[in-house]
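Peer 1: the sequence isn't on hand, but the structure is:
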């Protein structure tokens, strides 16, 4: 890949849990302003990869770099550049929206004044200003997701990681969240990695990385994956890829990748 | 790691812990029941049986109820220390831990923040117990309760760090009951909480007396006991401080956030 250094780069990531090999040599990169969809069926290793990317677990082999910082050797600046929305909610249900946002801001070392400013900005952008004093327990799933997204952006990260963020949401909320993040990505030049098992979400991405059985099967623009598979829809291409891949497959990258 | 960032984060973690605790109204009350029962029932009942002659820091004979107060404070600190660490490692606090571990601060410092937060809780409970003890009529110097704060904080840190270490290294202790039997009660009974060392030696229980003298919890009790009377026991302070450091370093070294998640994730990956 030519051009400026990617904001997120994973090389040869491997991770096993006991005898289960969840990741078997994953390579991927996310550049500035890129919305990359990590597409894979359940059990492909998406969540495991996210656990490595968020610094929660340590990879058995391979490197992960965020804004040039190796997350293993230099975790603090690497983590400072990442905003994450986990699949499972990590909101404190008993606190208000503002309380949750403030907690996150303070954990990132923001003064009270700066925290208040950033909270107002992100809440305003995503439409949560009226809900700031509501207890999270009273909010719907879709609204909670928006709170988590606003929270992830408070410390102004350059990389945004979203692990199946639309699970459990109705179709309208799913579409809205996806559109919102895509706009944000373009507007702020973020590098976004959006994990999903829903093919229609991958269609909206600038690039798709297809993950299966712990390694990258294909990578490229949605249009290119369609051409390669000689099929009409990305769903068919995805199905073909994942059902035909029995053992460890070679990874192929599209030259047209940004 | 910038100092200002670190302090702000510490304040945030500790404040959250305290607010959550105070919202759960039952917890403070139930945390006082155990030492309260010991003080009122056990100590009162054994008043005549267990006479305590003049040992430092006491200048005169003291009622058994007075003697047993530092030990009961220790019991409060011990239970809370174990409880906050266990909840941190297992299901209950997994979500918050996951969030904390993504914060751009060194991992050991994040664990330290949690340790301090747990210690603040134990101090809250310890003071609540002291109020109860005073109300019940146990004679304790009022200024002593203030001078004992650093001692109680240090002992609270040591026991919280021990709790962290236990939860990191002992895999089978999935429930609190197990920890109670194998860690809490041995520590408590094999210490100077209920009887001074010389009593054991006098009774010929030399093995137990030896164990009592190497139990860091005993030193914690004595540190608090002396501090309640405005005095410092230097050996106790060193033992408690060093133990706290050793427990904490060992716990950080072995801390693996995978533990709580590993079974679930392995199942999901198949």
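Peer 2: Alright, I've got the coordinates. Every value quoted in this text rests on a predicted model; they were computed, and no experiment measured them.
Peer 1: residue A:115 contacts residue A:103, correct?
Peer 2: No: Residue A:115 is beyond contact range of residue A:103, at 9.5 Å (criterion: Cβ atoms under 8 Å). All C-beta atoms are positioned from the backbone trio N, CA, C, and that covers glycine.
Peer 1: which SS state does the residue of chain A found nearest chain B fall under?
Peer 2: Residue nearest to chain B within chain A: residue A:109 (2.9 Å; Cβ to the nearest Cβ). Classification of residue A:109 by DSSP: H, G, I helix; E, B strand; the rest coil places it in coil.
Peer 1: do the same with residue A:12
Peer 2: Under three-state DSSP, the three-state class of residue A:12 is strand.
Peer 1: tell me the confidence at it?
Peer 2: At residue A:12, the model reports a pLDDT of 93.
Peer 1: for the nearest residue to it once chain neighbours are set aside, grab phi and psi.
Peer 2: With sequence-adjacent residues excluded and distances taken as Cβ to Cβ, 6 or more residues apart in numbering or on different chains, residue A:12 is closest to residue A:62, at 3.7 Å. Backbone torsions for residue A:62, taken as degrees, to the nearest 10, come to phi 100, psi 170.
Peer 1: count the residues that sit near residue A:62.
Peer 2: For residue A:62, the neighbour count with other Cβ atoms under 10 Å in any protein chain shown is 17.
Peer 1: hmm, back to that, OK, contacts around the residue of chain A closest to chain B?
Peer 2: Residues in contact with residue A:109, defined by Cβ atoms under 8 Å, 6 or more residues apart in numbering or on different chains, are B:2, B:4, B:5, B:6, B:8, B:9.
Peer 1: could you rerun that using 10 Å?
Peer 2: Each residue near residue A:109 by Cβ atoms under 10 Å, 6 or more residues apart in numbering or on different chains is listed here: A:80, A:115, A:155, B:1-9, B:12, B:103-105.
Peer 1: element containing the residue of chain B found nearest chain A, please.
Peer 2: Using Cβ to the nearest Cβ, residue B:5 is the residue of chain B that sits closest to chain A, at 2.9 Å. Assigned by DSSP states H and E, residue B:5 falls within helix B:3-23.
Peer 1: show me what that helix is packed up against.
Peer 2: Packed against helix B:3-23 by the contact rule (3 or more Cβ pairs under 10 Å, 6 or more residues apart in numbering or on different chains; DSSP states H and E) you find helix A:97-107, helix A:112-126, helix B:25-37, helix B:64-89, helix B:94-100, helix B:107-136.
Peer 1: how about the last one against chain A, any contact?
Peer 2: Yes: residues of helix B:107-136 are located near chain A by Cβ under 10 Å from any Cβ of the partner chain, namely B:107, B:109, B:110, B:113.
Peer 1: between the residues you listed, which is nearest residue A:48?
Peer 2: Among the residues of helix B:107-136 next to chain A, residue B:107 lies closest to residue A:48 (Cβ to Cβ), at 19.5 Å.
Peer 1: check contacts around that closest one.
Peer 2: Residue B:107 is in contact with A:55, A:75, A:76, B:100, B:101, B:252, B:255, B:257, counting by Cβ under 10 Å, 6+ apart.
Peer 1: pick the one among those closest to residue B:151.
Peer 2: Closest approach between these and residue B:151, by Cβ to Cβ: residue B:252, at 24.2 Å.
Peer 1: pLDDT score for residue A:45?
Peer 2: On pLDDT, residue A:45 comes in at 89.
Peer 1: show me what the longest helix anywhere in chain A is packed against.
Peer 2: Ranked by residue count and defined by DSSP state H, the top helix of chain A is helix A:171-188. Under the contact definition 3+ Cβ pairs under 10 Å, 6+ apart, helix A:171-188 sits against strand A:35-39, helix A:112-126, helix A:141-153, strand A:159-163, strand A:191-196, helix A:199-202.
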